[in-house]
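>>> here's a sequence, model it:
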Amino acid sequence: MSPAAPVGGRPPILHFDRVSKWYGPVIGLNEVSFQLEPGITGLVGPNGAGKSTLMKLATGQLRPSLGVVTVMGKSAWSAEAKWHVGYCPESDVFYEEMSGRDFVRAIARLSGYGASEAADRAENALLLVGMSDQAHRCVRGYSKGMRQRIKLAQALVHDPELLILDEPMNGIDPVVRRDLHRLFFNLAERGKSLLISSHQLEELERLTDRVMVVARGRLLAQGTVTEIRDMFENQPLTVRIGCDRPRDLAGALLRLPEVLGVELGSGGMVTVRARQPQRFYRAFGQLVLEENLDVTHLETTDCSTQAILEYVLQESL
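Reported below is the predicted structural model:
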């Protein structure tokens, strides 16, 4: 297997090198390669796509059937690699009779810290996720959002370089969601790598525009939303344009070879369907200058994470 390429004198935080995982005759993951550096990456795909298998391989819960998974240059299966990983699972597995504080302290102790340092680390983690004032209560009495925050606290308690977060926003109210967004941005700025799996694609889009799309066990695309969208040049895109002279704009657009159709709407809005996005935008910019048009609004309506997911899955059929 080829070694992970060092970045800045150190190996990637997470590296998959031609990784496959089989469950008997069923392929869970098939020839997947990628590497993660500091920042936030979204992991998207339909149910049964292989996302859970990928996360379990990254956290060392599973061994690959073929290929190599490393964390900070060490096999993800090793205890040394697990020291660098924090994992927030989707499902809840708590000692329900414990308080939230005792649970996070227990996880810190299991990580190898002495009683005093474990207590300090637990308090810091609880403060980060906004649970300090509720941590004395038993977990069994927590709401879904509170349980979710305690899971995040235990994932952060040992200050890992890699965070694997499976649906971390489920059940969290808007105020706490905003606070956790800030936390995730802060962690990324501190050089940590966050891999966030979520079905809430609009939520994910507010956190990052860098995504990996998985389906049928394969990594179909990775990069920013724009980079992935540009891979599908022949897939039409929809653009809404506001203009002071919408009829003149519509007529001019129809002369462009990249334009498939134009529709006039209310309020001076023009909706255009076009292929080959890069060529279209270059031609559109030139057209605006030549026609001396005053463009007040420009919006690509199908360049969201949801649209990208649909494009990638459609192209892979």
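>>> now the residue nearest to the spatial centre of the chain: which helix or strand?
With distances taken as C-alpha atoms, centre = their mean, the chain has residue 42 as the residue nearest its mean C-alpha position (1.0 Å). Using DSSP states H and E, residue 42 sits within strand 39-44.
>>> what packs against that strand?
Packing contacts for strand 39-44, counted by 3 or more C-beta pairs under 8 Å, 6 or more residues apart in numbering; DSSP states H and E, involve helix 51-58, helix 174-189, strand 193-197, helix 201-207, strand 210-215, helix 305-316. For the C-beta atoms, the positions are set from N, CA and C on the backbone; glycine is no exception.
>>> please redo it, this time with the cut-off set to 7 Å
Packing partners of strand 39-44 (3 or more C-beta pairs under 7 Å, 6 or more residues apart in numbering; DSSP states H and E): helix 174-189, strand 193-197, helix 201-207, strand 210-215, helix 305-316.
>>> make TSV from these and add mean neighbour count, distance to residue 21 and mean pLDDT to it.
Below are the helices and strands packed on strand 39-44 laid out as TSV (neighbours: other C-beta atoms under 10 Å; distance: least, C-beta to C-beta, whole Å; pLDDT from 0 to 100):
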stretch	mean neighbour count	distance to residue 21	mean pLDDT
helix 174-189	15	28	89
strand 193-197	23	16	96
helix 201-207	17	24	79
strand 210-215	22	12	89
helix 305-316	18	19	63
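>>> hang on, the earlier thing: just checking: what are the partner strands of the strand holding residue 42?
Paired strands of strand 39-44, with direction, are strand 193-197 (parallel), strand 210-215 (parallel) (DSSP bridges).
>>> check the offset of it from the chain's centre.
Averaged C-alpha coordinates place strand 39-44 at 2 Å from its chain's average position (C-alpha atoms, centre = their mean, to the nearest Å).
>>> which strand residues sit across from the nearest residue to residue 288 once chain neighbours are set aside in the sheet?
Among residues not flanking residue 288 along the chain, residue 295 sits closest, at 5.8 Å (C-beta to C-beta, 6 or more residues apart in numbering). Note on residue 295: beta-bridge partners residue 243, judged by DSSP bridges.
>>> ok, how many other residues are close to residue 74?
Neighbour count for residue 74, taken as other C-beta atoms under 10 Å: 17.
>>> list the contacts of it.
80, 81 (C-beta atoms under 7 Å, 6 or more residues apart in numbering).
>>> how far away is it from residue 161?
Using C-beta to C-beta, to the nearest Å, we find residue 74 at a distance of 11 Å from residue 161.
>>> that older thread, what mean pLDDT does the strand holding residue 42 have?
Regarding strand 39-44, the rounded mean pLDDT is 93.
>>> next: stretch 267-286.
86.
>>> please point out which parts of that stretch sit buried.
Across stretch 267-286, burial judged by 16 or more other C-beta atoms under 10 Å covers 268-277, 280-281, 283-284.
>>> CA-only coordinates of it in PDB, if you can.
The C-alpha trace of stretch 267-286 is given here as PDB (Å, rounded to 0.1, in the frame of the first residue of the first chain):
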ATOM      1  CA  GLY A 267     -40.500  41.200 -10.300                       C
ATOM      2  CA  GLY A 268     -38.000  41.300 -13.200                       C
ATOM      3  CA  MET A 269     -36.700  37.800 -12.500                       C
ATOM      4  CA  VAL A 270     -35.500  35.500 -15.300                       C
ATOM      5  CA  THR A 271     -35.000  31.800 -14.800                       C
ATOM      6  CA  VAL A 272     -32.500  30.100 -17.100                       C
ATOM      7  CA  ARG A 273     -31.600  26.500 -17.600                       C
ATOM      8  CA  ALA A 274     -28.100  26.100 -18.900                       C
ATOM      9  CA  ARG A 275     -25.400  23.400 -19.300                       C
ATOM     10  CA  GLN A 276     -21.600  23.600 -18.900                       C
ATOM     11  CA  PRO A 277     -21.600  26.000 -15.900                       C
ATOM     12  CA  GLN A 278     -18.200  27.500 -16.400                       C
ATOM     13  CA  ARG A 279     -18.700  28.300 -20.000                       C
ATOM     14  CA  PHE A 280     -22.200  29.700 -19.300                       C
ATOM     15  CA  TYR A 281     -21.000  32.100 -16.600                       C
ATOM     16  CA  ARG A 282     -18.200  33.400 -18.800                       C
ATOM     17  CA  ALA A 283     -20.600  34.000 -21.700                       C
ATOM     18  CA  PHE A 284     -23.200  35.500 -19.300                       C
ATOM     19  CA  GLY A 285     -20.600  38.000 -17.900                       C
ATOM     20  CA  GLN A 286     -19.700  39.100 -21.400                       C
END
